[in-house]
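Novice: below are the sequence and a predicted model; questions follow.
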Amino acid sequence: MNSEASNFRSPAIPTSFDAVWVAQRLGEVPSQTQEYVCLYLAGLEQQGQRHDTLEHRGYTLIRFLRWLPADQQDDLVRVSTTDVDRFLDEQRAQGRQANTILTYLATLRGFFRFLVAEGVIVHSPLSQQGPRGRCGEVRPIPAVPKANVVDSPSVDWVAARLEKASAATQEWVRCYLAMLKRRGRKADTVEQHRCSVTRFIASLPLSHQADLSLVLPADVSRFVDELQTQGRHPNTILTYLSPLNSFFEFLLEEGVVSRSPVQRRHYPRRPDTLPRAMREDEVNRWLRVLIEPLEQAIFLLLLRSGVRIGEVVTLNRADVDVERCTLYIRTGNKNGLGRVTYFSSDAQEALRRWLVERPECPGEEALFIRRQRRVTPDWIRERFKDSLRRAGLPLLYRVHDLRHTYATLLLNAGMPITTLQKLLGHDRIATTLLYARLSDTTKRAHYFAAMQEVQVHTPLAVVAELEGDDVSIIAI
């Protein structure tokens with residue numbers, strides 16, 4: 001401790017916040033530091049502060065002191081502006097409201113001002129001007145526009161992933177993620193961009209991590225080569241490159257870089273694969289193992305309406321008109337577009353059974369709940385895999401393949417592709433046309449009808465001479 005602390009006064013501890021109350025909550029924190037807390041609270045009480053205010057300030061100090069490393073708990077002189085900033089950032093990352101952060105800041109400012117007045121420390125860490133401005137305020141470093149800096153739960157996360165990058169680079173990443181949030185991007189999209197951008201920056205040489213204007217196309221090439229060496233699928237590599245391109249376009253608009261290092265040549269060719277769909281016999285086998293009302297309702301709705309898993313978990317009871325077999329998707333999971341879609345009579349019956357079984361949860365409007373809470377995508381995926389095992393079907397099928405199966409069955413039944421596009425909520429008809437390639441019933445019928453006509457008009461003698469065998473007309 002500071003040598004000046006030996007002359008520190010020891011007034012009586014107030015009954016509201018006695019030493020036992022503080023000691024119970026500060027645990028391993030040195031007793032001298034605990035005494036400072038008691039004395040600070042005693043001074044507030046003597047000033048006529050309300051008991052709930054004292055209690056709140058006490059808990060704030062306890063939270064902060066327990067967060068500090070042991071050496072700083074024992075010597076408060078060593079607490080710096082950076083330490084207080086990191087503490088406040090961590091509270092933001094945990095989802096604390098802005099008003100809560102301000103009360104933490106006011107408490108810490110008062111506590112350190114008290115320590116200065118009593119000679120325990122010479123300067124308050126909250127009066128120092130660090131690289132981030134006044135403690136608790138995220139001020140822009142040079143060249144970073146203040147308008148782009150907002151409270152973000154990603155602040156600590158970015159600093160942890162980019163510990164070797166400069167403060168400027170970290171701040172630009174935060175600004176970019178904040179921009180995505182302002183534009184209404186979904187949380188999982190922001191998370192994907194955060195992972196892609198920070199992973200790329202962490203792979204750069206230290207000089208480039210410090211100055212993003214030095215990043216070259218060759219750096220992106222090395223990054224893509226590394227992903228390919230790891231055996232990443234081309235689609236996975238594309239999910240890295242798209243956020244990177246968006247990030248550098250953002251920096252270009254802000255004048256940080258003169259051009260984006262992400263070039264067209266970096267993008268691998270996307271495999272032109274077919275969607276995977278279950279065969280009709282597999283669908284029938286799978287449906288027979290669905291017994292529980294909740295499972296039946298969820299999976300039949302997915303199969304008969306074609307909605308995405310992210311859309312089905314966000315459904316509320318008001319979004320479903322069971323009598324009219326109608327679903328109202330308020331916001332599309334992928335493109336944010338709302339739509340109206342429908343479901344079949346067997347899904348209708350499954351929903352009716354579930355609504356009878358559904359437990360009443362005051363304040364919970366979710367259509368599908370489990371253990372008093374809205375079901376999650378992970379739980380649905382887990383139950384789907386379990387149902388595949390019970391049905392003896394390949395585990396390669398995913399929940400999203402029920403959407404593919406839905407589209408394929410409707411196309412095979414003769415539904416116009418434009419109608420299916422609206423039901424699926426696709427922006428582009430080209431996306432829906434993928435299912436037309438998968439739908440083989442119509443294609444098969446057309447092929448054999450045409451081939452039968454060809455065989456009728458092809459001389460059998462010529463065919464027999466070519467094949468060396470008897471040839472018969474294909475029976476359909």
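Specialist: Looks like it arrived, so ask away.
Novice: in stretch 51-61, what's buried?
Specialist: Neighbour counts over stretch 51-61 (16 or more other Cβ atoms under 10 Å) mark 54, 56, 57, 58, 60, 61 as buried. C-beta: built from backbone N, CA, C; applies to glycine.
Novice: as TSV, those with distance to residue 235, pLDDT and secondary structure would be great.
Specialist: Output for the buried residues of stretch 51-61, formatted as TSV (distance: Cβ to Cβ, whole Å; pLDDT from 0 to 100; DSSP: H, G, I helix; E, B strand; the rest coil):
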residue	distance to residue 235	pLDDT	secondary structure
54	57	78	helix
56	50	80	helix
57	53	83	helix
58	53	82	helix
60	47	86	helix
61	51	85	helix
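Novice: please produce JSON lines containing these, extended by distance to residue 428.
Specialist: Output for those, formatted as JSON lines (distance: Cβ to Cβ, whole Å):
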{"residue": "54", "distance to residue 428": "61"}
{"residue": "56", "distance to residue 428": "54"}
{"residue": "57", "distance to residue 428": "57"}
{"residue": "58", "distance to residue 428": "59"}
{"residue": "60", "distance to residue 428": "53"}
{"residue": "61", "distance to residue 428": "57"}
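Novice: any idea which of those is closest to residue 174?
Specialist: residue 60 (24.9 Å; Cβ to Cβ).
Novice: what distance do you get for the closest one to residue 100?
Specialist: Remark: distance between residue 60 and residue 100 (Cβ to Cβ, to the nearest Å) = 9 Å.
Novice: just residue 367 next, same as before
Specialist: Taking Cβ to Cβ, one finds residue 367 at 33 Å from residue 100.
Novice: neighbour count: those two, which is higher?
Specialist: residue 367 (23 against 15; other Cβ atoms under 10 Å).
Novice: contact partners of the host helix or strand of residue 115?
Specialist: Assessed by DSSP states H and E, residue 115 sits inside helix 98-117. Helix 98-117 is contacted from outside by 36-37, 39-40, 43-44, 56-57, 60-61, 63-64, 76, 79, 84, 87-88, 91-92, 96, 121-126, 135-136, 151, using Cβ atoms under 8 Å, 6 or more residues apart in numbering.
Novice: ok, then the element right after it?
Specialist: helix 155-161.
Novice: for residue 369, phi and psi?
Specialist: Residue 369 adopts backbone torsions of phi -130, psi 160, taken as degrees, to the nearest 10.
Novice: my guess is it meets residue 359, correct?
Specialist: Yes. Using Cβ atoms under 8 Å, residue 369 is in contact with residue 359, at 6.9 Å.
Novice: so where's the stretch 51-200 of the chain uncertain?
Specialist: The model of the stretch 51-200 of the chain has pLDDT under 70 over residues 99, 127-156.
Novice: err, the stretch 251-400 of the chain, not the other one
Specialist: 271-273, 332-336.
Novice: so where do the helices sit in it?
Specialist: Taking DSSP state H, counting those that start in this stretch, the helices of the stretch 251-400 of the chain run over residues 280-288, 293-305, 309-312, 345-357, 377-391.
Novice: counting contacts, what elements does the third one pack onto?
Specialist: Taking 3 or more Cβ pairs under 8 Å, 6 or more residues apart in numbering; DSSP states H and E as the contact definition, the neighbouring helices and strands of helix 309-312 are helix 293-305, helix 377-391.
Novice: ok, residues contacting the shortest one?
Specialist: Spelled out, it's helix 293-305. 283, 287, 290, 307, 309, 312, 327, 341-344, 346-347, 350-351, 353-354, 356-357, 368, 370, 375, 380, 383-384, 387, 399, 402-403, 405-406.
Novice: any idea how far whatever helix or strand residue 450 lives in is from the chain center?
Specialist: Element membership for residue 450, per DSSP H and E: helix 441-457. Counting by Cα atoms, centre = their mean, to the nearest Å, helix 441-457 is centred 50 Å from the centre of its parent chain.
Novice: and the angle from that helix to helix 280-288?
Specialist: Counting by axes from the mean of the first three to the mean of the last three Cα atoms, to 10 degrees, helix 441-457 lies at 150 degrees to helix 280-288.
Novice: got the phi/psi numbers for the nearest residue in space to residue 390 that is not next to it in sequence?
Specialist: Excluding the flanking residues, the one nearest residue 390 by Cβ to Cβ, 6 or more residues apart in numbering is residue 289, at 4.2 Å. When quoted as degrees, to the nearest 10, the phi and psi of residue 289 stand at phi -90, psi 0.
Novice: neighbours of residue 289, how many?
Specialist: The local packing of residue 289 (other Cβ under 10 Å) involves 15 other residues.
Novice: quick check: which element contains the spatially most central residue of the chain?
Specialist: With distances taken as Cα atoms, centre = their mean, residue 188 lies nearest the centre of the chain, 2.6 Å away. Using DSSP H and E, residue 188 maps to helix 187-202.
Novice: give me the angle between that helix and helix 377-391.
Specialist: Counting by the same axes, to 10 degrees, helix 187-202 lies at 100 degrees to helix 377-391.
Novice: quick one: list the elements packing against helix 187-202.
Specialist: With contacts defined as 3+ Cβ pairs under 8 Å, 6+ apart, the packing partners of helix 187-202 are helix 155-161, helix 167-182, helix 234-253.
Novice: quick one: which of the ones you listed is nearest residue 265?
Specialist: Nearest to residue 265, of all these, is helix 234-253, at 11.0 Å by Cβ to Cβ.
Novice: measure residue 78 to residue 191 for me?
Specialist: 35 Å.
Novice: residue 330 contacts residue 319, correct?
Specialist: Yes. The pair residue 330 / residue 319 is scored as a contact, 6.6 Å apart, by Cβ under 8 Å.
Novice: these two: which has the busier surroundings?
Specialist: Shown here are residue 330 and residue 319; by other Cβ under 10 Å, residue 319 has more neighbours (16 against 12).
Novice: contact partners for that one?
Specialist: Residue 319 neighbours (Cβ under 8 Å, 6+ apart): 327, 328, 329, 330, 367.
Novice: possible to save those residues as JSON lines with distance to residue 237?
Specialist: Converted to JSON lines, those look like this (distance: Cβ to Cβ, whole Å):
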{"residue": "327", "distance to residue 237": "35"}
{"residue": "328", "distance to residue 237": "37"}
{"residue": "329", "distance to residue 237": "31"}
{"residue": "330", "distance to residue 237": "33"}
{"residue": "367", "distance to residue 237": "37"}
